[in-house]
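[1] what's the 3D shape of this:
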Amino acid sequence: MSEYGIRRTPSTCLPRQPLATILLGVCLGLCSNRAAAQAPAPGSLTVVIEGGRNVRGQLRVALYDRAEGFPSDQSQALRTTRVPMKATSDSVRFTGLPTGRYAVAVHHDENGNEKLDTRLGLPQEGWAATNDPRPRLRAPRFREAEIVHSGDTRVVVRLTY
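    Residues are numbered from 1 along each chain as shown. Sure, this is the predicted structure:
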């Protein structure tokens, strides 16, 4: 008994372990809210496509977040879109993208057959990739076309025929 006649028993005292757990949870909650507030909001990636030789067909644009499938297997792409070719220069916008590394492949499908036509392995229709890799006897690699997206990003690619 204490001098005031109050006797502490385990039933009248708060256990220390749950209180510590509660305080830890509150601290973690505050820290995670702070981290969420500091994390950049998803932004947009605008791809400006220049150098079209005519306005026939459509532009097929694929956004990749990894090397698998780049640049020709659009089923491996993070996002794809098709837009009618209205002018020799056009743009496509991907929204809601988190910060990261991406590569874009573009194909001017002039005849609408939904594939890049080739002859002897060389493209017969226009193609482009971010960073405008030089034409070689192979398709560009992801690391050659990779860009860093952090917020709202705008890139220009030039079609090669």
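[2] So E144 belongs to a helix, correct?
    Yes. Under DSSP: H, G, I helix; E, B strand; the rest coil, E144 falls within a helix.
[3] Could you list which residues are in contact with the residue nearest the centre of the chain?
    With distances taken as Cα atoms, centre = their mean, the residue of the chain nearest its centroid is L97 (4.7 Å). Shown in contact with L97 (Cβ atoms under 8 Å, 6 or more residues apart in numbering): P42, G43, S44, L45, L63, H149. (Glycine included, C-beta is placed from N, CA and C.)
[4] Make a ChimeraX selection of the buried ones in the residues you listed.
    Burial among the contacts of L97 is assessed by 16 or more other Cβ atoms under 10 Å; the matching ChimeraX selection reads:
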select :43,45,63,149
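[5] which one in the contacts of L97 is the model shakiest on?
    On pLDDT alone, P42 ranks lowest of these, at 89.
[6] what's the closest non-adjacent residue to that residue?
    G96 (4.6 Å; Cβ to Cβ, 6 or more residues apart in numbering).
[7] Can you give me the distance of the one you found to H149?
    Per Cβ to Cβ, to the nearest Å, G96 is found 12 Å from H149.
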